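J.: turn this into a model:
(2 chains)
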Amino acid sequence: MRNIDFDCKVVEMKNIIKKFGDFTANENINLTVHKGEIHALLGENGAGKSTLMNILYGLYQPTAGEIYINGEKVNITDPNVAIQKGIGMVHQHFMLVEPFTVTENIVLGMEPTGLAGKMDMKKAVQDVEEISKKYGLYVKPNEKIYDISVGMQQRVEILKALYRGAEILILDEPTAVLTPQEIKELITIMRNLTQEGKTVIIITHKLKEIKEAADYCTIIRRGKHIDTVEVKNTSEAELASKMVGREVSFKADKESKEKGEATLRIENLVVKDNRAVEAVRGLSLEIHAGEILGIAGVDGNGQTELIEALTGLRKIEAGNVIVNGKNVTNNTPKEIIENKIASIPEDRQKRGLVLDYTVAENMILENYAKEPFAKHGIMNSTAINKFAKELIEKFDVRPEDEKIKARSLSGGNQQKVIIAREVTNDPDILIAAQPTRGLDVGAIEFVHKSLIQQRDKNKAVLLVSLELDEIMNISDRIAVIYEGKIVDIVDAKDADENTLGLMMAGGGIQNEK
Amino acid sequence: MLDSLGFIIGTTLMYSTPLIYAALGGVMSENSGVVNIGLEGMMTIGALIGATVGFYSGNPWLAFLAAGMAGGGLALLHAVASVSYGADQVVSGIAINFLGPGLALFLSRIFFEGATMTKAIPLDNKMPRPIHGLLPRNSFLDLVFNQYATVYIAFLLVGVVWFLLYRTKLGLRIRAVGEHPRAADTLGVSVYKIRYLCVVLSGVLAGFGGASMSLAIVSNFRPTLISGHGFIALAAMIFGKWKPQGAMWACLLFGVSNGLVVYLGRSDAPFEISMQLLSMLPYVLTLIVLMGFVGRSSAPAANGVPYEEGER
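T.: Predicted structure coming up:
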């Protein structure tokens, strides 16, 4: 315990209740945070941890309960009040205005001004440089946000809070978009901040980071306060079971297996992004039957474009995609599906489902025109619903109702519907793009099992994920992508996080032939 | 020859003026994230109120201000619908475009004994020309610079709006709200207040635009007076990439086409073209510009997206 002042309770939330209609997001939650501590808030998706912090930041009003800041009872009606009380929040999805500079983003809402409301940009830049130096948060004040790395964007977010004089910093899932090296940097930054007498609250569902960084951890499950523990006296397994409410296995069970023929061959692929800049630049890769090939990389290195090209959603400028010896380059999505490629898309709500269709309709999206679902252009709802019922049972979709809209399912169940549809098509190749993004531990387990099942059925699985742990956990081979090229391919058995992390940041380019 | 050039430049400036006011209105509204296709309706009501107040009061400045307030009042309806109630901004704008001309016609009939045209304002009570008589009559400089006060104000406002948007803290907040309202909201900037302010200001500017038509270029209001100027201004704003100075250049381009129409329509024009074909020029230009540039322009990211402060 470094610097914690146990006599000074900077945040005390007592019996917080928050209801959205009939749904209770927070049920009598208590939280006490001392000055100088790093306090983790652990819980599954939808457990209510973000809701609790949004209440503390004034974005929501609690239905009942009391909040004390430095022992004084406060009523935080909006973020302005929170900022005044010294609370700053870094949101999971960055709240940055892309075409603005770093400085403009930091001073927005508290701009140094001269006569007639004219902005004093010179002073603004000086102020930013000053606090940036003080807390060791390196940024380039005059760069536009869209030109800087995600890591720097996050530092801009932290500086935004510090510029407003924040004493208490709330970080909502801060590591979701970072490389392992950037995560280490962030942990150092958090330690520095507590040395300076600041208090940090991080919202996360990653146990490893809690073990590494936090002093105390409050666990929330289904809106209820489960426990507050001292991190050094607990284990990851204990935290996990408290979070989920049952024992969880971290390691995906997987038997070793000989890989077969190359089912999918990608040769010197070139694909452009929306701005007509080459995002995939001569990428080559082979994926074999009976293996899971994981592509590790930091967001924005061409993963999205690669997948869109493979699934026929984006034009391939050069190179070939060969499936089972057949060239499918620039085929239509329909032809690609007929060539036995299935995909779990990155954005399940936009690309994976038609949210306003029923679950049953979503399950036949790719086969709607085939018998028995349709005959002479007329849909057969009996056959469709029967088919959907079978899949719902087999894949444990909840609630068990094929007639409700996909929109009303939880994220995990939406993903189950997609997986059910894609796997039932009996594909030779399954492309999974960030298949567990935003899912809770239970649903993640299910997705991983499904992917491994495909592999065990001697299918080829291409997994693209920003979560390095996930890639290392279930892949057989790992390819690292950097700036649209594969930097290196390693066997998952020999992979270690540090080397992969370096390669993801472009440090392994020398390995490229 | 020089005189002809002077005449064309002079008419260009005069005809660009109503467009510049309205386009600046569009710049204000859309930079805060509210699409305003209701400029046409706001210009029309501004033109009617300007002509009416001008006729009865004899004071062109009072008339000009009243026209701005009328445009702003109509814009307030747009703001209530599209900001507070999150209505589709295009639909609300279309409603404004029906409401403006309809209301103008109705008021004209009330104030002028059933006439759809207001009575002409006497020459002395029109918008003044600040440097009238200072330059030799019909010299090149006189043709270019002897303009109504509204012309000078329009170009001045281009600079004012630019300064406001890019050099003041209010401008930074306006653009932040148009790009990423939630980011602004979490920093304590009120998205609703900013959007209300900008939409109402855009109506005021469009109202000025209408009045610069009915108080200066002509001296009365008639139902066909505005006929598409609001839409041309909208196109100019898009062509000008949502920036005040860009919109100004685009308005001048449309103004040139208007100036040419007037010049070539004169009896002493060097060659004869059918007036009907000529009058199409500004509209054809609008179509070409919109077809060629709309897709590639860079609109504010949150333009047209309603924002709910409660929902996060």
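
J.: how far away is the residue sitting furthest away from the middle of chain A from chain B?
T.: Distance from the C-alpha centroid of chain A peaks at residue A:115, with 44.5 Å (C-alpha atoms, centre = their mean). With distances taken as C-beta to the nearest C-beta, to the nearest Å, residue A:115 is found 10 Å from chain B. C-betas here are computed from N, CA, C, even on glycine.

J.: with adjacent residues omitted, what lies nearest to residue A:247?
T.: residue A:241 (5.5 Å; C-beta to C-beta, 6 or more residues apart in numbering or on different chains).

J.: where does that neighbour land in three-state SS?
T.: Under DSSP: H, G, I helix; E, B strand; the rest coil, the three-state class of residue A:241 is helix.

J.: how much space separates it from residue A:377?
T.: Distance, residue A:241 to residue A:377, using C-beta to C-beta, to the nearest Å: 53 Å.

J.: those two: which has the busier surroundings?
T.: The residue with more neighbours, out of residue A:241 and residue A:377, is residue A:241; 14 against 6, by other C-beta atoms under 10 Å in any protein chain shown.

J.: and residue A:365, that's in a strand?
T.: No: assessed with three-state DSSP, residue A:365 is coil; it does not lie in a strand.

J.: is it true that it touches residue A:354?
T.: Yes: using C-beta atoms under 8 Å, residue A:365 is in contact with residue A:354, at 7.0 Å.

J.: circling back to that earlier point, how near is the residue farthest from the centre of chain A to residue B:169?
T.: Residue A:115 is 12 Å from residue B:169, by C-beta to C-beta.

J.: count of residues packed around the residue nearest to residue A:461 when sequence neighbours are not counted?
T.: Closest residue to residue A:461 apart from its sequence neighbours, by C-beta to C-beta, 6+ apart: residue A:292 at 4.3 Å. Using other C-beta under 10 Å, the number of residues around residue A:292 comes to 28.

J.: mind checking the SS state of residue A:292?
T.: Under three-state DSSP, residue A:292 falls in the strand class.

J.: contact partners for it?
T.: A:451-452, A:455, A:461, A:463, A:474-477 (C-beta atoms under 8 Å, 6 or more residues apart in numbering or on different chains).

J.: hang on, the earlier thing: give me the pLDDT for the residue nearest to residue A:247.
T.: The score at residue A:241 is 85. That number is its pLDDT.

J.: for residue B:311, same thing?
T.: Looking at residue B:311, its pLDDT is 45.

J.: and if you look at residue A:245?
T.: Per-residue pLDDT puts residue A:245 at 80.

J.: these two touch, right, it and residue A:224?
T.: No: look at residue A:245 against residue A:224 with C-beta under 8 Å: they stay out of range, at 10.3 Å.

J.: between the two, tell me which one has more neighbours.
T.: For residue A:245 versus residue A:224, the count of surrounding residues by other C-beta under 10 Å is larger for residue A:224: 15 against 12.

J.: list the contacts of that one.
T.: A:27-29.

J.: ok, 6 Å please
T.: Contacts for residue A:224 were tallied using C-beta atoms under 6 Å, 6 or more residues apart in numbering or on different chains; they are residue A:27.

J.: would you mind measuring from it to chain B?
T.: Relative to chain B, residue A:224 is positioned 23 Å away (C-beta to the nearest C-beta).

J.: beta-bridge partners for that residue, please?
T.: Beta-bridge pairing of residue A:224 under DSSP bridges involves residue A:27, residue A:221.

J.: likewise residue A:200?
T.: Using DSSP bridges, the bridge partners assigned to residue A:200 are residue A:38, residue A:169.

J.: burial count for it?
T.: If you count neighbours by other C-beta under 10 Å, residue A:200 ends up with 24.

J.: how close does it get to residue A:142?
T.: 28 Å.

J.: from the contacts of residue A:292, pick the one nearest chain B.
T.: Among those, residue A:463 lies closest to chain B (C-beta to the nearest C-beta), at 31.6 Å.

J.: for the closest one, grab phi and psi.
T.: Backbone torsions of residue A:463, given as degrees, to the nearest 10, read phi -110, psi 120.

J.: again with residue A:276
T.: phi 70, psi 20.

J.: that one and residue A:451: what is the separation?
T.: With distances taken as C-beta to C-beta, residue A:276 is found 34 Å from residue A:451.

J.: between those two, which one's more packed in?
T.: residue A:451 (27 against 7).

J.: once you drop chain neighbours, what's closest to that one?
T.: Computed as C-beta to C-beta, 6+ apart, the closest residue to residue A:451 that is not its neighbour in sequence is residue A:461, at 5.4 Å.

J.: which positions within the helix or strand harbouring that neighbour qualify as buried?
T.: Using DSSP states H and E, residue A:461 sits in strand A:460-465. Judged by neighbour count using 16 or more other C-beta atoms under 10 Å in any protein chain shown, the buried positions of strand A:460-465 are A:460-465.

J.: okay, those in JSON lines with pLDDT and distance to residue A:169 next?
T.: Formatted as JSON lines, the buried residues of strand A:460-465 follow (pLDDT from 0 to 100; distance: C-beta to C-beta, whole Å):
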{"residue": "A:460", "pLDDT": "95", "distance to residue A:169": "45"}
{"residue": "A:461", "pLDDT": "95", "distance to residue A:169": "40"}
{"residue": "A:462", "pLDDT": "96", "distance to residue A:169": "38"}
{"residue": "A:463", "pLDDT": "96", "distance to residue A:169": "34"}
{"residue": "A:464", "pLDDT": "94", "distance to residue A:169": "32"}
{"residue": "A:465", "pLDDT": "91", "distance to residue A:169": "28"}
